[in-house]
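Enquirer: predicted model, plus sequence, below.
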Amino acid sequence: MPTLMTVCTGNICRSPAGELLLREYVGDLASVTSAGTYGLEGHGIPTEMLEHLAADGIDGTSHRGQLLTPALMAQADIVIAMTVEHRRDAVQLHPAALRKTFTLAELAASAGTGAELLGDTPAERLADIPRAVAAHRQVLAGYELDDVPDPYRRGRAAYAESYGLISRAVTEIAAWIRAES
């Protein structure tokens, strides 16, 4: 089973939300984990983000932040960064991961702009993501892709904005993998 890993800064807001939403939507196809470039090891998800997850029927109370390491990068088949900066930091940590590391916005935009995933099953299409995004880069170059803003300690509206971006992107990515229109 392939491993997907989401990455943000502290691994307590954005990347755990991405992890838990991906697990909900594609968890039967992949193992999903998360880490932070400056991981707040052992810290839980803030209440504001837990409330958004709970509204979608997801319990995030057991999540604990962890630091992104070269070993975690090596184990992941696809790394999904919340920002361009997170993508850069992850690839600098483990350069061999360049071709399997994307921003969440890149994946969602690939899904939304018709990047073709090859394969007859969702598992085959999931495995084809790195090739499909690479082949679709010329289309993505015409788009301004948004980073997922950090909501940490910035109030409820910031959490709502970040969670909404993550949720919409994960929904689009999951439909792409499962070939749902």
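Expert: That came through, no problem. Numbering: from 1, shown residues only.

Enquirer: ok, now how distant is Gln75 from Lys100?
Expert: Distance of Gln75 to Lys100, given as C-beta to C-beta, to the nearest Å: 11 Å. (Glycine included, C-beta is placed from N, CA and C.)

Enquirer: which one's more surrounded, those two?
Expert: When neighbours are counted by other C-beta atoms under 10 Å, Gln75 and Lys100 differ, and Lys100 comes out ahead with 18 against 12.

Enquirer: list the buried residues of the longest helix along the chain.
Expert: Ranked by number of residues, the top helix in the chain under DSSP state H is helix 156-177. Going by neighbour count (16 or more other C-beta atoms under 10 Å), the buried part of helix 156-177 is 158-159, 162-163, 165-167, 169-174, 176-177.

Enquirer: got it, and stretch 1-11?
Expert: 4-11.

Enquirer: now the helices for this structure?
Expert: According to DSSP H, the chain carries its helices in the segments 14-26, 47-55, 70-75, 84-93, 104-112, 122-127, 129-140, 156-177.

Enquirer: mean neighbour count, those: which tops it?
Expert: Mean neighbours per residue, mean count of other C-beta atoms under 10 Å, is largest over these for helix 14-26, with a mean of 25.

Enquirer: need the contact partners of that helix.
Expert: Helix 14-26 is contacted by residues 4-8, 30, 32-36, 45, 49, 52-53, 56-58, 60, 63, 65, 80, 82, 104, 122, 126, 148, 150-151, 162-163, 166-167, 170-171, 173-174, 177-178 when judged by C-beta atoms under 8 Å, 6 or more residues apart in numbering.

Enquirer: quick one: average pLDDT of the longest helix of the chain?
Expert: For helix 156-177, mean pLDDT rounds to 96.

Enquirer: stretch 76-83 now?
Expert: For stretch 76-83, mean pLDDT is 97.

Enquirer: list the buried residues in it.
Expert: 76-83.

Enquirer: out of these, which two are the most distant from each other?
Expert: Farthest pair in those (C-beta to C-beta) is Asp77 and Thr83. Separation: 20.7 Å.

Enquirer: how about Met73: what's its closest non-neighbour residue?
Expert: Using C-beta to C-beta, 6 or more residues apart in numbering and skipping residues adjacent in sequence, the residue nearest Met73 is His94, 3.5 Å away.

Enquirer: that neighbour is in contact with Pro70, isn't it?
Expert: Yes: counting by C-beta atoms under 8 Å, His94 does reach Pro70; the two are 4.6 Å apart.

Enquirer: mind pulling up the pLDDT for Ser181?
Expert: Reported pLDDT for Ser181: 55.
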